[in-house]
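S.K.: Here is a sequence with its predicted model. Questions after.
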Amino acid sequence: MPCDDSEQIELQVIQDVLEAVEARLREKERCGWRLTVPRSRVYATVLLAVVVSAREAHRLPATLDRAEVLDAILDGADSDHGCGRPVEDAIDGHITSVN
């Protein structure tokens, strides 16, 4: 099956998002926090935010790299587009302190 550039870009977006979520989870764990849900639930929640954001961009093609929420996820910055902090939002409420 041939692979085009857009597929590679979307694959890289997914990889970057998963790595950003994993880094934040590890940081929380180093600080004595533990998840109360499977890690996959947090990953899925953040990936869904990317998909929804890409759809809402109303630009064609509606690819993941057009998602406005990516800045907030990859840079940890609050988005100017009302996206908030999707990684923190996915983690908060699903962690507990083990200390």
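M.R.: Sure thing, it's come through. Owing to the predicted nature of the structure, the values given are computational and were not obtained by experimental measurement.

S.K.: tell me the SS of Arg34?
M.R.: strand (DSSP: H, G, I helix; E, B strand; the rest coil).

S.K.: For Leu48, give its distance to Arg41.
M.R.: Here Leu48 is placed at a distance of 11 Å from Arg41 (Cβ to Cβ, to the nearest Å). Using the backbone N, CA and C atoms, a C-beta is placed for each residue, glycine as well.

S.K.: Name all residues that make contact with the residue at minimal distance from the centre of the chain.
M.R.: A centroid search over the chain (Cα atoms, centre = their mean) returns Val46, at 3.8 Å, as the residue closest to the centre. Residues in contact with Val46 (Cβ atoms under 8 Å, 6 or more residues apart in numbering) are 17, 21, 73, 86-87, 90.

S.K.: same thing but 10 Å
M.R.: 17-18, 20-21, 24, 69, 73, 86-87, 89-91 (Cβ atoms under 10 Å, 6 or more residues apart in numbering).

S.K.: Would you mind listing the buried residues in the strand or helix carrying it?
M.R.: Per DSSP states H and E, Val46 falls inside helix 39-56. Across helix 39-56, burial judged by 16 or more other Cβ atoms under 10 Å covers 42-43, 45-47, 49-50, 53-54.

S.K.: Which strands or helices does whichever helix or strand comes after it pack on?
M.R.: With elements assigned by DSSP H and E, the helix or strand that comes after helix 39-56 is helix 70-74. When contacts are defined as 3 or more Cβ pairs under 10 Å, 6 or more residues apart in numbering; DSSP states H and E, helix 70-74 packs onto helix 5-30, helix 39-56, helix 86-91.

S.K.: What is the neighbour count of Leu35?
M.R.: 15 (other Cβ atoms under 10 Å).
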